[in-house]
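Undergrad: fold the following.
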Amino acid sequence: MRLFWWASATDALGTQASGVVLPLLLLGLGYSAAVVGLIAGVSTAAGLLLAPLAAVPADRGARKPVMFWSAVVSALAMAAVTVAVAAGGPPLVLLLGVVLLERFSTAVYEAAAAGTVVLIAPPDDNARVVAGLSAGDQGALILGPALGGALYQASRALPFLADTVSYAVAAVCVRALRSDLRPAKPEPAPVLDASAPVVRDASGPASTPEPPHPRRRSALVAELGAGLALVRTSPFLRLVLLWTTTVNGVIVALYYGAVFTLHDGGHGGGPMGLVLALSGAAGLVGSLAAPRIAGRIGAARLLVTVTWLLVPLAAGLATAKGPWAYGGLFGVFCLLMPLVTVVLQSRAIQETPPHLQARTGAVLGTAVGGSAALAPVLAGLFAARAGTAAPAVVCAGVLTLLACRTTFVRIPPGGVPGPVPPKGATV
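TA: Residues are numbered from 1 along each chain as shown. Predicted coordinates for the structure are as follows:
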C-alpha cells in the first residue's frame, strides 16, 4: 500500500508542479490566452474519451502493466517537453503533441488505478486507504504549485523535469508492487433449470455472466458499457455519481468565479495562490479526518449535513471581495467536501465487483471530469452576463437542490457505510 501511495502522491506532485506553469510557458512564448485555453480543453477532453477504453484491459488482468507503461510513456512525454523548452522556443505543434500524449497516458493510468485499492487492502481498511490517497492529492495541491513556481523562476525547463522524475518514480513503485493486481475471476453462474428460481449470493454484489460466444463487436460494446450498466442499475453508485459530479463542478465554477472577482479587484496571481494553498491545506485535514468523523456520527447523516453546510458557503462567496475572505470560505468548503467524498469513494469500491472496478471508476471519473471541464465555461458565461457574483449564486442554488435530493433520497441498506467497529470487536 505504501508503494501505491508513493506512486499516486509523486505523480500528483509532479502534475501540479508542471500544470501550474504550462499556461505561463505558453503565454511567455507569445501564444494567446485563447490558444492556452484550447490546449487545456482539448487535452482534458482527450483524456475523458480514452479512460473508458483503457479500463477494459485493466479489469481483464492487465492492470499492473497498463499502469507501468502509461507512467513510462508520460515520463518520456515530459522528458521531451523538458528538452524542447531547454533548447529554446518549442513549436506549438510539438507542445500540443506531447501534452496530448501525456494526457492520454495519464488518463490510462488513472483508469487502471481505479481498481487497485480493493486488490491491495482488506474491505475494513478501504476508507483509510482512500483517505490517505486523498490526503496525498491535497498535499500535492499545496506543495505542487509552489514547487513549480520556484523551479520556473530558476529555469523554464525545471518544472517539466520534475514531472518527468515524478512519473519515473511512479513507474518504479508500480513495478515494485508485490501484487500482480489481477482481480479474482468471478465464479461461473450455476446452470439452472428455466423453471427454477434464480439464486443470488447475498454475500456481495452479483456478477453478470458473460455470453459464451458473443460476436466481436457486441462483445466490445458490452465490455465498454459494463461499468455504465452497473452504475445505472445501482442506486448507491447513482448517488455517488450525482454527488461527486455536482460538487466537483460547483467547486471549479466557484474557483473561476473567484478568479474573475479578484482580477476585477486588481489582485494578481499571489492572492489566487493564497486561495489554493488554504483550500489545499483544509482539504488535507478533511481527508485525514473523514473516516473517524464518519465513524462517530454516521456516514448517512454526514452526507446530508455536509451537503446543506456547503450551501451558505457558496452563497457567501457571492459577497466576498478580498483574497482572505475567499481563502477562508474556500478553506471551509474544501475542509467539508472530503468528509463525504472519502466515505462515498470507499463504499463505492466495496459495492463494485473486482472485475468491474476500473470500468466503473472510469465512468465516475469521466462524469466528474466532464463537469469540471464544463464548469469554467458556464462560470465565464454567467460572470459576463450577470456579474462576477453570479457563478456563486447559481452554485448555491444547485447545491440547494442537491441537498434536498440527499435529504429525501432513500439510501439502500448498506449503501452508505456506518461506523467501522474496532478490530476484534463484535457487531
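Undergrad: going forward, measure contacts and count neighbours with C-alpha atoms only.
TA: Fine.
Undergrad: helix or strand for the residue nearest to the spatial centre of the chain, which one?
TA: The chain has residue 365 as the residue nearest its centroid, 6.0 Å off, counting by C-alpha atoms, centre = their mean. Taking DSSP states H and E as the definition, residue 365 sits inside helix 357-386.
Undergrad: pLDDT score for residue 203?
TA: Per-residue pLDDT puts residue 203 at 43.
Undergrad: ditto for residue 399
TA: Here, the pLDDT recorded for residue 399 equals 94.
Undergrad: give the residue spans of the stretch 251-400 of the chain that score low on pLDDT.
TA: Low-confidence segments of the stretch 251-400 of the chain (pLDDT under 70): 259, 262-277.
Undergrad: if you set the cut-off to 90 instead, what comes out?
TA: Residues of the stretch 251-400 of the chain meeting the criterion pLDDT under 90: 251-303, 316-392.
Undergrad: so where do the strands sit in it?
TA: In the stretch 251-400 of the chain, no strands are defined using DSSP state E, counting those that start in this stretch.
Undergrad: ditto for the stretch 1-150 of the chain
TA: Counting by DSSP E, counting those that start in this stretch, one finds no strands in the stretch 1-150 of the chain.
Undergrad: so where do the helices sit in it?
TA: Counting by DSSP state H, counting those that start in this stretch, the stretch 1-150 of the chain has helices at residues 2-19, 22-28, 33-57, 63-87, 92-113, 117-120, 126-154.
Undergrad: next, format these as CSV and append mean neighbour count.
TA: Shown next, in CSV, are the helices of the stretch 1-150 of the chain (neighbours: other C-alpha atoms under 10 Å):
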stretch, mean neighbour count
helix 2-19, 22
helix 22-28, 17
helix 33-57, 19
helix 63-87, 21
helix 92-113, 22
helix 117-120, 20
helix 126-154, 22
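Undergrad: which of those comes out lowest on mean pLDDT?
TA: Of all the helices of the stretch 1-150 of the chain, mean pLDDT reaches its minimum on helix 33-57 (a mean of 68).
Undergrad: hmm, back to that, what residues of the helix holding residue 365 count as buried?
TA: Within helix 357-386, the residues that count as buried by 16 or more other C-alpha atoms under 10 Å are 357-373, 375-376, 379-380, 382-383.
Undergrad: what sits against residue 331?
TA: Going by C-alpha atoms under 8 Å, 6 or more residues apart in numbering, residue 331 touches 275, 278-283.
Undergrad: same thing but 7 Å
TA: The contact partners of residue 331, taken as C-alpha atoms under 7 Å, 6 or more residues apart in numbering, are 278-279, 282.
Undergrad: pick the one among those closest to residue 180.
TA: Residue 180 has its nearest neighbour among these in residue 282, at 35.0 Å by C-alpha to C-alpha.
Undergrad: buried ones in the helix or strand harbouring residue 407?
TA: Using DSSP H and E, residue 407 sits within helix 390-408. In terms of neighbour count (16+ other C-alpha under 10 Å), helix 390-408 has its buried residues at 390-396, 398-400, 402-403, 405-407.
Undergrad: kindly report the same for stretch 305-314.
TA: So for stretch 305-314, counting by 16+ other C-alpha under 10 Å, buried means 305-311, 313-314.
Undergrad: returning to what we had before: with distance to residue 345 added, can I get the helices of the stretch 1-150 of the chain in JSON lines?
TA: JSON lines is the format used below for the helices of the stretch 1-150 of the chain (distance: least, C-alpha to C-alpha, whole Å):
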{"stretch": "helix 2-19", "distance to residue 345": "16"}
{"stretch": "helix 22-28", "distance to residue 345": "30"}
{"stretch": "helix 33-57", "distance to residue 345": "17"}
{"stretch": "helix 63-87", "distance to residue 345": "19"}
{"stretch": "helix 92-113", "distance to residue 345": "13"}
{"stretch": "helix 117-120", "distance to residue 345": "11"}
{"stretch": "helix 126-154", "distance to residue 345": "7"}
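Undergrad: quick one: closest of these to residue 297.
TA: helix 126-154 (15.4 Å).
Undergrad: still on that earlier bit, now the helix holding residue 365, how far from the centre of its chain.
TA: Helix 357-386 has its average C-alpha position 11 Å from the chain's average C-alpha position, going by C-alpha atoms, centre = their mean, to the nearest Å.
Undergrad: now swap in stretch 157-174 and tell me
TA: Distance of stretch 157-174 from its chain centroid, counting by C-alpha atoms, centre = their mean, is 20 Å.
Undergrad: what's in contact with it?
TA: Contact with stretch 157-174 is made by 3-4, 7-8, 10-11, 14-15, 17-18, 64, 68, 71-72, 74-75, 78-79, 81-82, 85-86, 148, 151-152, as judged by C-alpha under 7 Å, 6+ apart.
Undergrad: likewise stretch 61-71?
TA: Residues from elsewhere that reach stretch 61-71 (C-alpha under 7 Å, 6+ apart): 57-58, 105-106, 108-109, 112-113, 167-168, 170-171, 174-175, 180-183.
Undergrad: mind running it again at 8 Å?
TA: Identification of contacts with stretch 61-71 by C-alpha under 8 Å, 6+ apart yields 57-58, 105-106, 108-110, 112-113, 167-168, 170-172, 174-175, 180-183.
Undergrad: on that earlier part again, among the buried residues of helix 390-408, give me the pair with the biggest separation.
TA: Most distant of the buried residues of helix 390-408, by C-alpha to C-alpha, are 390 and 407, 25.8 Å apart.
Undergrad: can you list the buried residues of stretch 305-314 in a markdown table and add distance to residue 90?
TA: A markdown table is the format used below for these (distance: C-alpha to C-alpha, whole Å):
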| residue | distance to residue 90 |
| --- | --- |
| 305 | 50 |
| 306 | 47 |
| 307 | 46 |
| 308 | 49 |
| 309 | 47 |
| 310 | 44 |
| 311 | 45 |
| 313 | 43 |
| 314 | 41 |
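Undergrad: which strands or helices does whichever strand or helix holds residue 249 pack on?
TA: Using DSSP H and E, residue 249 falls within helix 235-264. Helix 235-264 is packed against helix 216-233, helix 299-317, helix 323-351, helix 357-386, helix 390-408, with contacts defined by 3 or more C-alpha pairs under 8 Å, 6 or more residues apart in numbering; DSSP states H and E.
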